[in-house]
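Peer 1: Take this sequence and fold it.
(3 chains)
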Amino acid sequence: MAEKEKLTIAVLSGDLERALAAFMLAVTGATMGMEVSMFFTFWGLNIIKKNKGSLKSKGLMRKMLNFMNRGGSKRLRLSKFNMFGLGTWMMKRLMKDANMPSIDEFIAMAHEMGVKLIACTTTCGVMGLTPELETFHSEVDSLTGAAYFLGEARKSKVTLFI
Amino acid sequence: MAEKEKLTIAVLSGDLERALAAFMLAVTGATMGMEVSMFFTFWGLNIIKKNKGSLKSKGLMRKMLNFMNRGGSKRLRLSKFNMFGLGTWMMKRLMKDANMPSIDEFIAMAHEMGVKLIACTTTCGVMGLTPELETFHSEVDSLTGAAYFLGEARKSKVTLFI
Amino acid sequence: MAEKEKLTIAVLSGDLERALAAFMLAVTGATMGMEVSMFFTFWGLNIIKKNKGSLKSKGLMRKMLNFMNRGGSKRLRLSKFNMFGLGTWMMKRLMKDANMPSIDEFIAMAHEMGVKLIACTTTCGVMGLTPELETFHSEVDSLTGAAYFLGEARKSKVTLFI
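Peer 2: Have a look, this model is predicted:
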């Protein structure tokens, strides 16, 4: 049996539109029979972070950054025209009109279609997050580092850095 | 005859510098004998949108987003140091000094060199744009979705997400 | 002897987190035995620019842009939550806590591990920089254009645009 072609997506950005683009491509890739991995790093960790901002992380510095940057998929914003949330609110309305899934729906859908959701261990620390699976949505499969990402990318037909 | 090597570029960003980088690479790739496709999505749609901001799109929400986000290549700005247009104006001056084409010239040049310019159907809706060729510059070849982009990327030697 | 697999990274962004991600991947790639090139363009040129902002560039326009955009690795900021430097300062503290190298340390380390650091000639002009090796850290190997980047990318196993 032929091996499946791989699609590897690194998600560094936490902007709503980049998160949407990443999930649209991941889900489309899975539909086309590709083996898809999404690797979340830096602000991208906010996308898969649990929505209730727990402040359990240790150290004042980390607590402060964690608070400022509470994250979670419901707090993602557009990179432009956010205007105190108005632009983001409008795009979310238009997403609904266009029957586009929300980020949480995309996370569930991707997981169900076999897309691997991976959190970057190395950058958890600098984002003020505790590097353990509990920090993230239950759909997140594992925590690994840059070497794992590059190992996947080497075997991939398509690698995207978003 | 050997098939041409493919270069596929997804342009999500609408920042002036990212648009310039995308076109420089597309045009250079075409000069090197590569078969180049540019796939514009989210803010990238602004780059290839007609410069006169038509407000014909339906629905109040869409009209509002379309107005806020009038777009068109002449309205692209730098992601940083924009300072009410001053930084962008200076970079445009320096581009002229360095004989670098403007975005509109790049669009015409790319089209002439056989670069395929493609608008993403799926994200037209969430950007408040009517998904039809009339919305865009005449050089835009077609409107397609994420599956088409991934299909191209799978066959490409180089895929960039900008 | 088998040729080494290539990893080519274009760094357009000058944001601290994207610079860190680029160097982490470059250094990891080199450790894994890959042949790594980093190609700095637009704001990415700030990362490898010398830290003392010389104002020797010619022309008033260029001088002004060069001044506004003094750059250098010590002036890189986060794309979000910068808050007059507070967020950046905190992330730098957390980087130290996590034993993550600074950008300057990464530049030295990458160079020592054989990573090629390349400045884009074409965009020096529009960034107000004199396109010569003296403008940059001594670890920078060469200045070339978009054709060189694409030539490398065509031969690469993994190409990332950051």
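Peer 1: Spatially central residue in chain A, please.
Peer 2: Among the residues of chain A, the one closest to the centroid is A:Ile47, at 4.3 Å (C-alpha atoms, centre = their mean).
Peer 1: In chain A, where is pLDDT below threshold?
Peer 2: Low-confidence segments of chain A (pLDDT under 70): A:1-2, A:52-71, A:80-86.
Peer 1: got the contact list for the residue in chain A that chain C sits nearest to?
Peer 2: Of all residues in chain A, A:Gly125 sits closest to chain C, at 3.8 Å by C-beta to the nearest C-beta. (Each C-beta comes from the backbone N, C-alpha and C, glycine too.) Shown in contact with A:Gly125 (C-beta atoms under 8 Å, 6 or more residues apart in numbering or on different chains): A:Pro131, C:Leu94, C:Asp97, C:Ala98, C:Met100.
Peer 1: I figured the first one hits A:Cys124, correct?
Peer 2: Yes: with the criterion set as C-beta atoms under 8 Å, A:Pro131 and A:Cys124 qualify as a contacting pair; they are 3.7 Å apart.
Peer 1: and the nearest residue to A:Val126 once chain neighbours are set aside, how many neighbours?
Peer 2: In this structure, A:Val126 finds its nearest non-sequential neighbour in C:Leu94, 4.7 Å apart by C-beta to C-beta, 6 or more residues apart in numbering or on different chains. Neighbours of C:Leu94 under the rule other C-beta atoms under 10 Å in any protein chain shown: 19.
Peer 1: A:Ala119 now?
Peer 2: Neighbour number of A:Ala119 under other C-beta under 10 Å is 27.
Peer 1: circling back: check which helix or strand covers the residue of chain A closest to chain C.
Peer 2: A:Gly125 belongs to helix A:121-126 when assigned by DSSP states H and E.
Peer 1: hey, C-alpha coordinates of that helix in CSV?
Peer 2: The C-alpha coordinates for helix A:121-126 follow below in CSV (Å, rounded to 0.1, in the frame of the first residue of the first chain):
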residue,chain,number,x,y,z
THR,A,121,7.2,22.3,24.3
THR,A,122,10.0,24.7,23.8
THR,A,123,7.9,27.8,23.4
CYS,A,124,5.4,27.0,26.2
GLY,A,125,7.9,28.4,28.6
VAL,A,126,8.4,31.8,26.9
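Peer 1: Show me which residues of chain A are close to chain B?
Peer 2: A:5, A:7, A:17-18, A:20-21, A:24-25, A:28-29, A:31-32, A:34, A:79-81, A:83, A:87, A:90-91, A:93-95, A:97-98, A:100, A:157-162 (C-beta under 8 Å from any C-beta of the partner chain).
Peer 1: Which of those fall within helices?
Peer 2: A:17-18, A:20-21, A:24-25, A:28-29, A:31, A:87, A:90-91, A:93-95, A:97 (DSSP state H).
Peer 1: Having no further points to raise, I will conclude here.
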